[in-house]
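Asks: got a structure for you, letters missing:
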């Protein structure tokens, strides 16, 4: 029997370098508060907005599979890592809309991503495809008007309520580069993968 339509589909992109407990908490929050049928977790391919090189996609994809394994609604999608050239969210959303033409889409972001929304490639197209949903963290120091960073005429953002979590991929990479433990910032399967493949450690 065909699944009922339209479906509620979430899209959660990022470097996931590495994926950590706050990423999973945000995914769980989005699934629950947006009543999602599925959440596509989409690791970035070539990150146009980052000056540093990303860890090879094969590792970030595998770590994402390990990190989100316990969330039944999550599908780790490799499409951006298979593209040549920069990864743009607008392109990904257009592809998904073609694949699921009757679905309602929700773009899931953390507040750090939301701060840069106005600079995103073809930002004007994104709200036409998906509702932009931002996790409002109690511990996040935000500029006035963080929930109105978009150009005039673009709809505002939807808030997702999340508990405070002091964790970031940048901090985890720095800890590992200095020989410090990554626990409890990543889940055990991810920590084991990082150790097995000697990721984020200086020579």
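Replies: The structure has been received and is ready for your questions. As the structure is a prediction and not an experimental result, all values here were calculated from the model.
Asks: Go through the helix ranked longest in the chain and flag the buried ones.
Replies: Counting by DSSP state H, the longest helix found in the chain is helix 21-33. Across helix 21-33, burial judged by 16 or more other Cβ atoms under 10 Å covers 22-31, 33. Every C-beta, even on glycine, is put in place using the N, C-alpha and C of the backbone.
Asks: ditto for stretch 33-44
Replies: 33-34, 36-44.
Asks: pretty sure residue 187 is in contact with residue 67, am I right?
Replies: Yes: applying Cβ atoms under 8 Å as the test, residue 187 and residue 67 come out as touching, 5.8 Å apart.
Asks: Would you mind telling me which of these two has more residues around it?
Replies: For residue 187 against residue 67, the residue with the higher neighbour count under other Cβ atoms under 10 Å is residue 67, and the figures read 25 against 21.
Asks: Excluding chain neighbours, what is closest to that one?
Replies: Closest residue in space to residue 67, ignoring its immediate chain neighbours: residue 19 at 3.8 Å, by Cβ to Cβ, 6 or more residues apart in numbering.
Asks: what's the burial count for the one you found?
Replies: The tally of other residues near residue 19 (other Cβ under 10 Å) stands at 26.
Asks: Likewise for residue 161?
Replies: The number of residues packed around residue 161, counting by other Cβ under 10 Å, is 10.
Asks: Check residue 82 too.
Replies: Based on other Cβ under 10 Å, the number of other residues close to residue 82 is 9.
Asks: Which pLDDT value belongs to it?
Replies: The per-residue pLDDT reported for residue 82 equals 94.
Asks: residues in contact with it?
Replies: Contact analysis of residue 82 by Cβ atoms under 8 Å, 6 or more residues apart in numbering lists residue 45.
Asks: gap between it and residue 202?
Replies: Residue 82 sits 30 Å away from residue 202 when distances are taken as Cβ to Cβ, to the nearest Å.
Asks: what angle separates the helix or strand hosting residue 108 from helix 21-33?
Replies: Under the criterion DSSP states H and E, the helix or strand holding residue 108 is strand 104-110. Between the direction of strand 104-110 and that of helix 21-33, the angle (axes from the mean of the first three to the mean of the last three Cα atoms, to 10 degrees) works out to 150 degrees.
Asks: Who are the packing partners of strand 104-110?
Replies: Taking 3 or more Cβ pairs under 8 Å, 6 or more residues apart in numbering; DSSP states H and E as the contact definition, the neighbouring helices and strands of strand 104-110 are strand 8-14, helix 21-33, helix 89-99, strand 130-137.
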